[in-house]
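# structure for this input, please:
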Amino acid sequence: MKSKKPVFDIPPPISAAQKHGVYPELNHDERARMNFLAACYRVVASTIAPGNKLAYETQALAQFTQQHERAPKTRHEVRKLMNSNPFHNMWGAVRRNLMEVRQQTGRAIVLRQIEELAQRAAKLNDQDSNLTLNSSITIPPYVANIDHHCMPGSYYTELVTGDVAPAANYDTGFFVTTGGTIGGLCDGAGLAIANWVKTNASDFSPKRILDIGVAAGHSLVPIAQAFPDAEIIAIDISAPMLRYAHARAKSLGVNNIQFIQMSGEDLSQFSDSSFDWVLSSIFLHELSAKALPKILKEAYRVIKPGGLTVHLEQPQYDDSMPVFEQFMRDWDAYNNNEPFWTAMHSIDMKQALIDSGLQSENIFLAAMRGIINTTLFAESRLGQEEDYGRSAAWHAYGAWKEKS
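The predicted structure follows:
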């Protein structure tokens, strides 16, 4: 009997990413580099990364047990142990370098056309009341002092008038680093949120929605499309992100979002109980320990009684998660310029929501999975329930505010 040849699973090419009015133009060589990087990400994640567990179980664990007469109790003990393991160090070096190369490749693409991208965004943004910027805003230190994800200048740095380069870099790289698993528009998180609300709260018809930390708007656009009659306000501290997000949404035909430059720590512009729904998407892990509770309390204040709050994130670390998995998930905190990651994923999110003012019995944890994009991935040969590697999954921490 002949053995089956292994199938090399490669991610969709960058050309499969869905374009919009401010999406950067990539030439042949740039597409080739991005496709190479996407394939590298897939190999590192699916082929090399599993070797970390093998190295832990066959080498490091025995070393630790012999020395301490017990297994590691925390992810920090595992991290200190694995930091001296040659295989783990090799994998970490490859992964870190891959992220740096991805960022520099995307940066070169957008810098080549930085003026043109700014002009394209300006044509969509100028004289539009749905975009409000604040040149006097202070960038908080937990953003200003960090090149998030190894992105030079982080989300907010401006090099030219009307700059959108940080957002354009983020947009092109998002499809590559996720291997297309969150869709051609990188909107899988927003689709997951909208789908969950439509399925689990079918009677919920929000008239006013607030998105805190909107970034380039990937997650918010599908929510705006799902609730076209809602007035939606999206805030962020980064002018380049907001310029890009507004222009992107407008070019996609979405016009029910107001983009405002402001911090989620101070929502005093909005009165108490002024929103039916307050949300964030993959945002909380970039907040400092002081900023997070402020934002949750402000979110609570502006939600109407009976209204909803949803915060999409990666899973929290708790006793049900093996310490090795916690250690692997924690890698970004120490090696990918995500210094608040480990603290945020260690806190009791339910208690944090209670501390913001919400009632314990109204708080929920929900699993939300992206909708499989069948234009990028063929239907599963193993059945409808199987979607590993074809769509992403997240946890959501939320609550319904107690009615008066």
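
# tell me which residue lies nearest the centroid of this protein.
I282 (3.9 Å; CA atoms, centre = their mean).

# give me every residue that touches it.
Contacts for I282 (CB atoms under 8 Å, 6 or more residues apart in numbering) come out as A189, S219, L312, E313, Q314, W394. For the C-beta atoms, the positions are set from N, CA and C on the backbone; glycine is no exception.

# between the residues you listed, which is nearest K350?
K350 lies nearest to E313 out of the contacts of I282, by CB to CB, at 13.0 Å.

# the closest one against M368, yeah?
No: taking contacts as CB atoms under 8 Å, E313 lies outside contact range of M368: 10.2 Å.

# what do these two both touch?
W394, H395, A396.

# list buried residues within those.
Among the shared contacts of E313 and M368, those scoring as buried are W394, A396 (criterion: 16 or more other CB atoms under 10 Å).

# which residue ranges of the stretch 201-350 of the chain form strands?
Using DSSP state E, counting those that start in this stretch, the strands of the stretch 201-350 of the chain run over 208-212, 231-236, 257-261, 275-281, 303-313.

# the first one versus strand 275-281: what angle between them?
Okay, so that is strand 208-212. 30 degrees (axes from the mean of the first three to the mean of the last three CA atoms, to 10 degrees).

# and if you look at the third one?
Between strand 257-261 and strand 275-281, the angle formed by their directions is 70 degrees, by the same axes, to 10 degrees.

# name every strand pairing with strand 257-261 and say which way it goes.
Neighbouring strands of strand 257-261 in its sheet, by DSSP bridges, are strand 131-132 (parallel), strand 231-236 (parallel).

# excluding its own residues, what touches the helix or strand just after the shortest one? List them.
I take that to be strand 131-132. Sequence-wise, the next helix or strand downstream of strand 131-132 (DSSP states H and E) is helix 141-144. Helix 141-144 is contacted from outside by S154, Y155, Y156, I237, S238, E286, L287, S288, A291, F340, using CB under 8 Å, 6+ apart.

# so which of the shared contacts of E313 and M368 belong to strands?
W394, H395, A396 (DSSP state E).

# bridging residues for S280?
According to DSSP bridges, beta-bridge pairing links S280 with H311.

# do you know the pLDDT at it?
Per-residue pLDDT puts S280 at 97.

# I'd like to know how many residues surround it.
Neighbour count for S280, taken as other CB atoms under 10 Å: 24.

# E361 too?
By other CB under 10 Å, 9 other residues sit near E361.

# ok, it - contacts?
Per CB under 8 Å, 6+ apart, neighbours of E361: none.

# show me where the stretch 301-404 of the chain has helices.
323-329, 331-335, 341-344, 349-356 (DSSP state H, counting those that start in this stretch).

# hmm, I was thinking of the stretch 1-150 of the chain
Under DSSP H, counting those that start in this stretch, the stretch 1-150 of the chain gives helices at 28-43, 50-55, 61-68, 75-82, 86-112, 114-125, 141-144.

# nearest spatial neighbour of P11, chain-adjacent residues omitted?
Nearest residue to P11 in three dimensions, chain neighbours excluded: G179, at 3.6 Å (CB to CB, 6 or more residues apart in numbering).

# about what we covered before: and the helices of the stretch 301-404 of the chain: which comes nearest P50?
Within the helices of the stretch 301-404 of the chain, the stretch nearest P50 is helix 323-329; the backing value is 10.2 Å (CB to CB).

# what pLDDT, on average, does that closest one get?
Average pLDDT, helix 323-329: 96.

# ok, M151 touching N169?
Yes: between M151 and N169 there is a contact at 6.6 Å, judged by CB under 8 Å.
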